[in-house]
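>>> predicted model and sequence below, questions to follow.
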Number of protein chains: 2
Amino acid sequence: MGRWEPNSHGRLQRAALELYAEHGFEATTAAQIAARAGLSERTFYRHFADKREVLFGGTDALAARLVAAVAGAPASEGVTVVARRAAVAAAEFIGAAPREMVRDRRDVIATSPELRERDLAKVALVATALAAALAERGASEALALVAADVVVSVLRVGLDQWLASPASSLPQAVRAVWDEVRPSLG
Amino acid sequence: MGRWEPNSHGRLQRAALELYAEHGFEATTAAQIAARAGLSERTFYRHFADKREVLFGGTDALAARLVAAVAGAPASEGVTVVARRAAVAAAEFIGAAPREMVRDRRDVIATSPELRERDLAKVALVATALAAALAERGASEALALVAADVVVSVLRVGLDQWLASPASSLPQAVRAVWDEVRPSLG
C-alpha cells in the first residue's frame, strides 16, 4: 500500500486494483494495467516486479512504520499503550490510500486462496517485526509476540469496520476497536 | 494432529513426520511413509488424502474442540475466561500427541514457505470458528475476533516454549503464557 500519491506508482496501483476488482487477479495483465494508467508496460515493471507486488509491495514499509512507532514511543509507556500507537500508525499508513483502493485490495485478496495465504504470510512478517521492536523495549518474548498479534488483529477488524461504514477515518476506527476490546482482554 | 494412538493412523502420522524431518517434506513419498509404518501404500491413502493431509488433517477436529470448549463454559463466565478455556482445550488436544511428533510437525512446516502459508490459512480457519463461538455467547464481533486471535497467539507461543523446555505439559505452558500476558493486555 504506502502513502498514496497520484504519481506513476500510485496511478499504476489504482489501475491494477480496479482491473483486479473488475476482471479478477488472474485475468489481468501488466499490459492492461499500464494501459489503464496511461503508462507503458516497461514503466509498470520499473515500479513492480509482478502483478502480485502491487498487492504486497507495501509490506516492508508498513512493518517499518510500526517499528518506528514503537521506537519513537516515550520510554515510560507500557506495552499496551505502545502497541496501540503502533496500531494507529499502521492505520494512518494504510488509510492514506483512497478507501476504494484499500477495499479493492482486500476484496481481490479474498477471491483467491493463494492470495489469502500470501497475505497471511506477509501479515505474519509484519507481526514478527513488531514483536521484535516490542521485545527491544523490554517486553518479555511471550508478551511481545501476543501484543503484536493483537495489533494485527485489531487492525484487521478496524479495517473491515471502516470499509463497512465510512463515517470515520481508518485511524479512528482502529482506535475505537482497540478501546472497545482492551478492557475485556485484561 | 488429534489424540495420538498407536493404531494405523497414528503409526502413519509418526512415520510421515519422522521422514519429513529426516529427508524433507518434498522428498518423502507415501510409499516410504507406509513402508516405515509397516503398512501398505493403499492403507496410507485410506487414512490421508495426500502427504499434506498428515500435517493439516487435524485442523477441523482442533476447531471443533475449541468450539466445544466455548459452548461448554458456564454462562456466567466472561470472554477472557472462556477464551482461556479454549486455549487450554486446544493445548490438551495438541499435547495428546508425543512431543517429538508435535516438534517434527512444527519444524517441517517451518522449512517450506508453501507449508507455512498453508499452516497460517488453517490457523486462520480455526480462529474464525472460535470467534463465531465467542460471538454466539454474546461477545461483540470485534471482541470475538480479537480474543480468538489472542487464543491462537498464546497457543503458538506456549507451544514454542513447551518444545524448548520440556519441564511442563503443553496445557501448563499455555496457561503460563496466558497468565503472563493477560494482565499486560488489558
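Arrived safely, thanks for sending.
>>> now the residue of chain A found nearest chain B: closest residue in space, sequence neighbours ignored.
Distances between chain A and chain B by Cβ to the nearest Cβ are smallest at residue A:186, namely 0.9 Å. Yep, even glycine has a C-beta here, placed from its N, CA and C like the rest. Among residues not flanking residue A:186 along the chain, residue B:186 sits closest, at 0.9 Å (Cβ to Cβ, 6 or more residues apart in numbering or on different chains).
>>> per-residue pLDDT, residue A:3?
Listed pLDDT for residue A:3 reads 53.
>>> give me the pLDDT for the residue of chain A positioned farthest from its centre.
Largest separation from the mean C-alpha position in chain A: residue A:76, at 27.7 Å (Cα atoms, centre = their mean). pLDDT for residue A:76: 93.
>>> mind checking the SS state of it?
What DSSP: H, G, I helix; E, B strand; the rest coil gives for residue A:76 is coil.
>>> what residues does chain A put near chain B?
Residues of chain A lying near chain B by Cβ under 8 Å from any Cβ of the partner chain: A:78-80, A:113, A:116-118, A:120-121, A:124, A:139-143, A:145-147, A:149-150, A:152-154, A:156-157, A:161, A:177, A:180-186.
>>> hmm, try it at 6 Å
Residues of chain A lying near chain B by Cβ under 6 Å from any Cβ of the partner chain: A:79, A:117, A:120-121, A:142-143, A:145-146, A:149, A:153-154, A:157, A:177, A:180-181, A:184-186.
>>> which among these end up buried?
Buried members of those, counted by 16 or more other Cβ atoms under 10 Å in any protein chain shown: A:79, A:117, A:120-121, A:142-143, A:145-146, A:149, A:153-154, A:157, A:177, A:180-181, A:184-185.
>>> how deep is residue A:26 tucked in, by neighbour count?
Counted by other Cβ atoms under 10 Å in any protein chain shown, the residues lying close to residue A:26 total 12.
>>> quick check on it: phi, psi?
phi -60, psi -40 (degrees, to the nearest 10).
>>> name the nearest residue to it, sequence neighbours excluded.
Leaving aside its sequence neighbours, residue A:26 sits nearest to residue A:112 (Cβ to Cβ, 6+ apart; 7.7 Å).
>>> how about residue A:88?
In space, and not counting its chain neighbours, residue A:88 is closest to residue A:171: 5.2 Å by Cβ to Cβ, 6+ apart.
>>> show the average pLDDT along the helix or strand that neighbour falls within.
Using DSSP states H and E, residue A:171 sits in helix A:170-185. In this model, helix A:170-185 carries a mean pLDDT of 94.
>>> can you classify residue A:67 by secondary structure?
What three-state DSSP gives for residue A:67 is helix.
>>> how many residues are close by it?
Counted with other Cβ under 10 Å, the neighbours of residue A:67 add up to 19.
>>> residues contacting it?
By Cβ atoms under 6 Å, 6 or more residues apart in numbering or on different chains, the residues touching residue A:67 are A:129, A:133.
>>> what do you get for residue A:147?
A:79, A:83, A:134 are the contacts of residue A:147 under Cβ under 6 Å, 6+ apart.
>>> mind checking how far it is from residue B:149?
To residue B:149, residue A:147 is 11 Å away according to Cβ to Cβ, to the nearest Å.
>>> re the thing from before, wait, doesn't the residue nearest to residue A:186 sit right on residue A:179?
No: between residue B:186 and residue A:179 there is no contact under Cβ atoms under 6 Å: 11.8 Å.
>>> outline the domain layout of chain A.
Domain ranges of chain A: A:1-52, A:58-185, per automatic domain parsing.
>>> lowest average confidence across those domains, which one?
Of all the domains of chain A, domain A:1-52 has the smallest average pLDDT, which comes to a mean of 91.
>>> where does residue A:73 land in three-state SS?
Here residue A:73 is recorded as coil under three-state DSSP.
>>> with just CA atoms, put stretch A:71-90 into CSV.
Backbone C-alpha positions of stretch A:71-90 (Å, rounded to 0.1, in the frame of the first residue of the first chain) are rendered in CSV as follows:
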residue,chain,number,x,y,z
ALA,A,71,10.9,3.1,18.7
GLY,A,72,9.5,6.6,18.9
ALA,A,73,7.2,6.0,21.9
PRO,A,74,8.1,7.6,25.3
ALA,A,75,10.2,5.2,27.3
SER,A,76,7.8,5.4,30.2
GLU,A,77,4.9,3.9,28.3
GLY,A,78,3.8,0.3,28.9
VAL,A,79,3.4,-2.3,26.2
THR,A,80,-0.3,-1.9,25.7
VAL,A,81,0.0,1.9,25.1
VAL,A,82,2.9,1.4,22.8
ALA,A,83,1.1,-1.4,20.9
ARG,A,84,-1.9,1.0,20.5
ARG,A,85,0.4,3.6,19.0
ALA,A,86,1.7,1.0,16.5
ALA,A,87,-1.9,0.1,15.5
VAL,A,88,-2.8,3.7,14.9
ALA,A,89,0.4,4.3,13.0
ALA,A,90,-0.4,1.4,10.7
